[in-house]
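Peer 1: need a 3D model of the following:
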Amino acid sequence: MRKSSIFILFLLLACSKDAAVPVEPAITQYTLSVSTSEGGFVSPDANGTYDEGAQLTLSAIPYYGYSFCRWLGTDNDNLVCKNSELGGARGKSRCIIKMNSNRYAKAFFERNSQ
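Peer 2: Sure, this is the predicted structure:
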């Protein structure tokens, strides 16, 4: 009887709800900070925390009387920018950012010459 008691005890412990459950690794997250100079705004407001590998597309949109100038950001080779020449206050630039570290991006605008 002693061997069967040990076997039952082992079986109960092996099937216990408290048995170790494999833990999935935590998802790495990074922070993005977006800002602008005077003369425009960035859409969407993307300030926040994102999962590693997330890809965001930002648009720099100038106010009337300004033009988009350039992007500045961490790891500039990961700021893939595409200019769109719509002219005047409607000209804008898109920037694609892949979240592989904490990042910042700043859109610069300049006043149009009168």
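Peer 1: phi and psi next, for residue 26.
Peer 2: phi -70, psi 140 (degrees, to the nearest 10).
Peer 1: burial count for it?
Peer 2: Applying other Cβ atoms under 10 Å, we find 6 residues neighbouring residue 26. For the C-beta atoms, the positions are set from N, CA and C on the backbone; glycine is no exception.
Peer 1: let's number from 19 now, not from 1
Peer 2: Okay, residue one is now 19; in that scheme the one you just asked about reads as residue 44.
Peer 1: just the pLDDT for it.
Peer 2: Residue 44 carries a pLDDT value of 87.
Peer 1: where does this protein dip in pLDDT?
Peer 2: Within the chain, the ranges that satisfy pLDDT under 70 run 19-38, 92-110, 132.
Peer 1: just the strands in it please.
Peer 2: Using DSSP state E, the strands of the chain run over 47-54, 58-61, 66-69, 73-80, 84-91, 97-102, 110-116, 121-129.
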